[in-house]
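**Student:** A structural model of the following input is requested.
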Amino acid sequence: MKAAVVYIEGTNCEDESLHALRHVGFEAEKVHLKQFYGDCGKLLARNVADYDLLMFSGGWSAGDYVRAGAIFAARMKSKIGGELEDFIKSGKFILGVCNGFQILVEYGILPGFKGISAKPEAVLAINNPPKFQCRPTYLKHVKKCRLTASVEEDAVLQIPIAHAEGRFTFGAKNKELLKTLEDNSQIVFKYCRPDGGDADGYPWNPNGSLADIAGISNLEGNVLGMMPHPERVMYAGQMGDWTRSRYSDGAGLQVFKSILENLKK
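**Tutor:** Residues are numbered from 1 along each chain as shown. Below you'll find the model as predicted:
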């Protein structure tokens with residue numbers, strides 16, 4: 001299966017993402033956005049349709065100017081919007097992590113209540129409390145999507161975060177659109193306590209996200225956006241409490257194995 005880690009200036013997690021994909025068996029490469037619309041030499045040009053998975057990794061693409069992920073999303077929409085829409089409709093997978101999640105929301109791909117929206121329906125706003133958070137968190141896998149179908153439902157995964165703008169919200173429409181998200185079973189991951197209990201606010205919910213949301217999918221379940229970084233915990237020694245606990249692998253390995261297994265199906 002072929003995967004592309006798509007990046008522009010300011011992206012800074014493409015190497016870890018590339019390693020994670022290759023570790024589970026993907027034929028993966030890093031692809032600059034310009035390579036998809038031909039602003040490069042002929043030998044460097046790439047086609048979106050040639051890949052089975054597109055991954056948008058973490059970082060500060062375009063310096064997070066305007067809003068986090070907004071410039072990356074706008075450039076994609078103007079240059080490869082049609083190809084990206086066809087890619088999603090074909091049933092292939094997209095994974096957006098941290099800045100990648102912000103990009104998918106800014107583009108209007110997520111939550112995608114009625115397909116890709118012309119304007120963002122949600123936002124990943126400044127954390128509450130308003131400070132950069134870089135530490136392990138616990139996620140509960142509350143609903144399977146196509147990418148996470150091999151991860152046990154209700155499993156608790158310790159996966160780190162590193163963001164200043166991760167608070168998922170619909171703003172004034174929080175109550176109305178949260179119900180839609182829940183009714184559609186689009187909430188995939190929620191922040192929780194180590195025992196799987198509700199986060200019940202800070203510090204277990206590190207950013208003030210609505211309903212402790214850490215990751216959501218589109219309606220079809222083939223696009224997943226999440227703030228925590230599974231690519232950073234592929235090995236046991238990367239887990240935050242590895243000296244006190246016995247891990248056979250890092251929690252992120254489950255996520256990437258699931259993506260490969262279910263993409264093959």
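
**Student:** for Arg246, report the pLDDT, please.
**Tutor:** Turning to Arg246, the model gives it a pLDDT of 88.

**Student:** could you look up the next helix or strand downstream of the helix ranked longest in the chain?
**Tutor:** Taking DSSP state H as the criterion, the chain has its longest helix at helix 70-89. Scanning forward in sequence from helix 70-89 by DSSP states H and E, the next helix or strand is strand 93-97.

**Student:** in terms of helices and strands, where is Phe101?
**Tutor:** Per DSSP H and E: helix 99-107 holds Phe101.

**Student:** just give the nearest non-adjacent residue to Ala149, would you?
**Tutor:** Excluding the flanking residues, the one nearest Ala149 by C-beta to C-beta, 6 or more residues apart in numbering is Asn262, at 4.8 Å. C-beta here means a position set from N, CA and C on the backbone, and glycine is covered the same way.

**Student:** Met226 now?
**Tutor:** Met226 sits nearest to Gly215 (C-beta to C-beta, 6+ apart), 3.2 Å away.

**Student:** with Val255 instead?
**Tutor:** Nearest one to Val255, counting by C-beta to C-beta, 6+ apart, is Pro230 at 4.2 Å.

**Student:** and what of Arg75?
**Tutor:** Nearest to Arg75 is Leu33, by C-beta to C-beta, 6+ apart, at 6.2 Å.

**Student:** what bridges to the residue nearest to Met226?
**Tutor:** Here Gly215 sits in beta bridges with Phe189, Met226, going by DSSP bridges.

**Student:** am I right that it is in contact with Gly225?
**Tutor:** Yes: applying C-beta atoms under 8 Å, one finds Gly215 in contact with Gly225, separated by 6.3 Å.

**Student:** quickly list what's touching both of those two.
**Tutor:** Common contacts of Gly215 and Gly225, defined by C-beta atoms under 8 Å, 6 or more residues apart in numbering, comprise Phe101.

**Student:** so for the helix or strand hosting the residue nearest to Ala149, what's the average pLDDT?
**Tutor:** Assigned by DSSP H and E, Asn262 falls within helix 252-264. Mean per-residue pLDDT for helix 252-264: 98.
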